[in-house]
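Participant: Below are the sequence and a predicted model; questions follow.
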Amino acid sequence: GENVEQHPSTLSVQEGDSAVIKCTYSDSASNYFPWYKQELGKGPQLIIDIRSNVGEKKDQRIAVTLNKTAKHFSLHITETQPEDSAVYFCAANPRNTGNQFYFGTGTSLTVIP
Amino acid sequence: GAVVSQHPSRVICKSGTSVKIECRSLDFQATTMFWYRQFPKQSLMLMATSNEGSKATYEQGVEKDKFLINHASLTLSTLTVTSAHPEDSSFYICSARGQGGQPQHFGDGTRLSIL
């Protein structure tokens, strides 16, 4: 089955700096890669996603890149703000598993004011 | 955007009690709903997947007689933790997905504490 690895597990950045979180996946059948942000005591919220026919997608300060050959994808947050502090999860969805998502282990991001 | 409502947000009850958690998709039809369990500072652990009108598919190691899942309509799924014990204390989160490869949208979770 699919195996998603996520790094780093914790990340601290100064406000205004950029943050990068990386994930790798093992199943070449994966074709959909969402990123979720989870604040303390709440459920994960979708912040951006990318499909395998696209190499990069951007939404204001957030961008995601995908390298299908290397089987890795990354989340980039620019001009970080304290409210970006949260746990971020990547996920992969193999097309042959229907609806099941495989999640990374999460990255706890702290933005220092 | 897609909204998933989960209730209750917090439950504290005595050992042996059964607890029901509801998950509703408010503005879309959820053909598939998922139930996860999350331990502190850990990732989401998929417990079961349910499709509307059919029996849930449970992940290995999850007791289907203990964690009863019902997905009676395209907007509602329920998880009942039967005869709960302290080791069942956890954060339970549901998610819902519509047709056509839509993303999973999560509820805000239920913090279950069994005394």
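Facilitator: Here it is on my side, so go on.

Participant: Would you quantify the distance from B:G98 to chain A?
Facilitator: 10 Å (Cβ to the nearest Cβ, to the nearest Å). Glycine gets a C-beta too; all of them are placed from N, C-alpha and C.

Participant: Could you find the closest non-adjacent residue to that residue?
Facilitator: If the residues on either side of it in the chain are set aside, B:G98 comes closest to B:F28, at 4.9 Å by Cβ to Cβ, 6 or more residues apart in numbering or on different chains.

Participant: how close does the one you found sit to chain A?
Facilitator: Taken as Cβ to the nearest Cβ, the spacing of B:F28 relative to chain A amounts to 13 Å.

Participant: just for the chain, where's the confidence low?
Facilitator: Picked chain A for this. Within chain A, the set of residues satisfying pLDDT under 70 comprises A:96-98.

Participant: Actually, chain B is the one I wanted.
Facilitator: Judged against pLDDT under 70, the low-scoring parts of chain B cover residues B:101.

Participant: Identify the residue of it closest to chain A, quick one.
Facilitator: For chain B, the residue positioned closest to chain A under Cβ to the nearest Cβ is B:F106, at a distance of 3.8 Å.

Participant: Please name the residues that touch that residue.
Facilitator: Neighbour list for B:F106: A:Y36, A:G43, A:P44, A:Q45, A:L46, B:V4, B:I93, B:C94, B:S95 [criterion: Cβ atoms under 8 Å, 6 or more residues apart in numbering or on different chains].
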